[in-house]
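> can you look at this prediction? I've put the sequence above it.
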Amino acid sequence: MAEAPAHLEGLVVASHGRHCVVESADGQRRICHPRGKKSQAVVGDRVLWRPAAPGQGRGQGDEGTIERVQERRNLFYRQDEVRTKSFAANLDQVLILIAAEPVFSESQLVRALIAAEAAQITPLIALNKSDLVEPFARAWERLWPYRHMGGEQDTKHHYRVLPLSLTESGPVDREALLPLLAGKTTLVLGPSGSGKSTLVNLLVPQAKAQTGEISQALNSGRHTTTSTQLYWIDAERTTALIDSPGFQEFGLRHLAPTDLAHCMPDIAAHAGECRFYNCTHLHEPGCAVQVQVESASSPGSISASRYRIYSELFAELSEAPRY
């Protein structure tokens with residue numbers, strides 16, 4: 001009787017449904033299946049896996065079983081009233097890619113930023129299609145509160161916002177992005193039409209080939225766009241880019257309404273100055289947040305659009321059942 005193979009360490013580099021592709025320390029990749037219905041690994045997870053014994057399974061030893069997901073540093077996910085969608089784990093950054101056209105949803109942008117803040121993951125915002133002069137100018141202006149959050153002297157509360165033109169100035173954008181990504185694991189997130197595929201192919205020229213190989217292995221060619229995949233940007237495998245499916249909705253049901261203020265830096269900067277410690281920043285007297293909204297032109301003020309989104313999210317999460 002053959003001896004059962006020992007547990008090995010690996011990194012989940014792709015997922016489709018409940019099946020994963022796990023990369024071992026030597027760079028080899030193989031399909032692994034979770035053990036049990038509740039064992040769900042996501043891209044970026046460090047796992048312990050066991051290769052199939054010779055003569056067992058479809059892969060004759062080329063497949064394996066995920067025995068355990070190692071403790072995560074973080075998990076980036078969204079949750080609506082129907083289900084939870086996990087994007088990736090153990091991230092250093094989330095690069096939120098939006099475009100001048102089609103016009104981006106500020107509400108979806110805020111939701112993604114809140115989810116990143118809640119998971120203590122650094123967010124970056126990139127606005128693509130700067131070659132579309134007038135639409136880009138309008139979009140760039142809409143991002144003014146994100147570029148100047150907290151006032152000119154308060155850089156701690158600013159979001160980094162990058163202008164890009166991936167189809168027109170790809171090489172220049174690549175040189176600008178690489179230092180920001182170096183040595184980190186970055187999830188690329190964005191709605192359909194923002195240019196995510198262009199960005200991934202620009203940073204990882206071999207991405208299409210890798211995607212094809214994994215799709216063939218998973219027998220999921222028809223569903224490639226619904227998969228999440230990690231690409232190494234460098235040969236040393238120290239800089240990773242994770243491509244995720246586009247999304248139209250971004251639920252935050254995993255957060256309580258009182259979490260929102262802490263996850264919005266411009267509101268958090270003033271929330272401690274309110275008269276009441278449990279201020280919702282919606283109607284209470286002595287609310288420092290409302291004062292900053294009303295003084296829209298002063299340094300460190302809170303934009304009316306972000307405050308409106310905060311109010312809408314507070315109402316949405318207050319009505320949501322808590323589990």
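Done, it's in. Remember, predicted model here, so these are calculated numbers, not experimental data.
> so who does the closest residue to residue 106 other than its chain neighbours touch?
Once flanking residues are discounted, residue 106 sits nearest to residue 305: 6.0 Å by CB to CB, 6 or more residues apart in numbering. Bear in mind the C-beta positions are built from the backbone N, C-alpha and C, glycine included. Counting by CB atoms under 8 Å, 6 or more residues apart in numbering, residue 305 touches 106, 142, 145.
> now swap in residue 316 and tell me
So residue 316 contacts residue 252 (CB under 8 Å, 6+ apart).
> please redo it, this time with the cut-off set to 10 Å
Contact analysis of residue 316 by CB atoms under 10 Å, 6 or more residues apart in numbering lists 251-253, 257, 260.
> quick revisit: state the distance from the residue nearest to residue 106 to residue 144.
Per CB to CB, to the nearest Å, residue 305 is found 10 Å from residue 144.
> kindly report the same for residue 248.
Taking CB to CB, one finds residue 248 at 25 Å from residue 144.
> those two: who's more crowded?
Shown here are residue 248 and residue 144; by other CB atoms under 10 Å, residue 144 has more neighbours (11 against 8).
> the more buried one: what's it in contact with?
Contacts of residue 144 (CB under 10 Å, 6+ apart): 161, 303.
> that older thread, how near is the residue nearest to residue 106 to residue 311?
Taking CB to CB, one finds residue 305 at 11 Å from residue 311.
> look up the closest residue to residue 246, ignoring the ones flanking it.
Nearest to residue 246 is residue 192, by CB to CB, 6+ apart, at 3.8 Å.
> same check on residue 193?
residue 102 (5.2 Å).
> go ahead and confirm that neighbour touches residue 192.
Yes - the criterion here is CB atoms under 10 Å, and residue 102 meets it with residue 192 at 8.7 Å.
> quick one: the closest residue to residue 119 other than its chain neighbours from residue 130, how far?
Excluding its sequence neighbours, the residue lying closest to residue 119 (CB to CB, 6+ apart) is residue 74, at 4.6 Å. Separation of residue 74 from residue 130 (CB to CB) stands at 31 Å.
> what of residue 284?
42 Å.
> can you pick out the residue with more neighbours from those two?
Taking other CB under 10 Å, residue 284 and residue 130 do not tie; residue 130 has more neighbours (21 against 14).
> pretty sure that one sits in a helix.
No - counting by DSSP: H, G, I helix; E, B strand; the rest coil, residue 130 is not found in a helix; it is coil.
> phi, psi for it please.
phi -70, psi -10 (degrees, to the nearest 10).
> and it, what is it in contact with?
Here residue 130 is in contact with 99-100, 136-137, 139-140, 162-166, 168-169, 173 (CB under 10 Å, 6+ apart).
> what's the answer for residue 264, then?
Residue 264 touches 110, 113-114, 117, 149, 157, 271, 281, 289, 302, 306-307, 309-310, 313, counting by CB under 10 Å, 6+ apart.
> what do you get if the cut-off is 8 Å, keeping everything else the same?
110, 113-114, 117, 306, 310.
> and for residue 40?
Residue 40 neighbours (CB under 8 Å, 6+ apart): 18, 34, 69, 86.
> and the lengthiest helix in the chain, which residues are buried?
For the chain, the helix that runs over the most residues, judged by DSSP state H, is helix 304-319. Under the neighbour-count criterion of 16 or more other CB atoms under 10 Å, helix 304-319 has 306-307, 309-311, 313-314, 317 buried.
> got it, and stretch 245-265?
In stretch 245-265, counting by 16+ other CB under 10 Å, buried: 247, 250-255, 257, 259-261, 263-265.
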